[in-house]
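Trainee: What shape does this take:
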Amino acid sequence: MVDNFIQSVQDATKDAPKSINWYRDKIREFGKPSALDLIRDGRRVGKPSPFNLNMFVYDPKYKKTLPYYDTFPLVLPLERYSDGFLGLNFHYLPIPLRVRLLDRLNDIPEGNQYSERDKLKVSYARASGIPMARAVIKRYLYGHLKSQIRVVTPEEWVIAVLLPVQRFKKASTSKVYNQTKKLF
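Mentor: Next up, the predicted model:
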């Protein structure tokens, strides 16, 4: 296991565009990072960063009644509220669909590199018009965040959606994926 997982994968690209399969192979080669390692190795904030992906440890308020939930979400915030926020949790989708949703949401032409100036400028209205996105909209409460929020910068988006770090409770990953796909 490498010290700074996402940075190590980025360094291995040597700034050349790589295929999704290349990234998946490199992620397998480096091993599966822990949630806390991923949070520790990036820029951390107390509130979600709009227009960026965010990772954090979460303990849902209604976990006793939920059929399943993710304790390490990868979320694109859509709306803020005084007690929390609404966002797209990419982990509810299988990895190929995560990549497709990321492509659908951003306006960067295919083949271009992401840079710090790029943002995922997605509103609730826009997301709710995409069936796949609508299926993964979740509500998060600030009082149930159990870690700082790790901001995933644009250069890290592809790597982040390819990481198999979802942590579902009360159901297997395959069951969650199957249930989510029924929603669109």
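Trainee: unless I'm mixing things up, Ser49 is touching Pro154, no?
Mentor: No. Proximity of Ser49 to Pro154 does not meet the contact threshold set by Cβ atoms under 8 Å, at 11.2 Å. To be clear about C-beta, it is placed using only N, CA and C from the backbone, and glycine gets the same treatment.
Trainee: show me what contacts Leu102?
Mentor: Taking Cβ atoms under 8 Å, 6 or more residues apart in numbering, we find Leu102 in contact with 90, 120, 157-158, 161.
Trainee: pLDDT weak spots in the chain?
Mentor: 1-33, 107-118 (pLDDT under 70).
Trainee: measure Lys138 to Gly87 for me?
Mentor: 6 Å (Cβ to Cβ, to the nearest Å).
Trainee: same check, this time on Pro96
Mentor: Look at Pro96 and Gly87: by Cβ to Cβ, they are 21 Å apart.
Trainee: Which of the two has more residues huddled nearby?
Mentor: Taking other Cβ atoms under 10 Å, Pro96 and Gly87 do not tie; Gly87 has more neighbours (26 against 12).
Trainee: Who is the more buried one paired with across the strands?
Mentor: Applying DSSP bridges to Gly87 gives these bridge partners: Pro77, Lys138.
Trainee: Distance of it relative to Phe56?
Mentor: Going from Gly87 to Phe56 by Cβ to Cβ gives 11 Å.
Trainee: Give me the common contacts of those two.
Mentor: 73, 75.
Trainee: for the protein, what spans make up the helices?
Mentor: Under the criterion DSSP state H, the chain contains helices at 5-13, 20-30, 35-40, 95-105, 124-128, 131-134, 157-162, 173-181.
Trainee: coming back round to it: what sits in contact with each of Lys138 and Gly87?
Mentor: The contact lists of Lys138 and Gly87 share 73, 75, where a contact means Cβ under 8 Å, 6+ apart.
Trainee: got a list of what the most centrally placed residue in the chain touches?
Mentor: For the chain, the residue nearest the mean C-alpha position is Leu74 (2.7 Å; Cα atoms, centre = their mean). Leu74 makes contact with 53-55, 89-91, 152, 160-161, 163, 165-166 under the criterion Cβ under 8 Å, 6+ apart.
Trainee: Kind regards, and thank you for your time.
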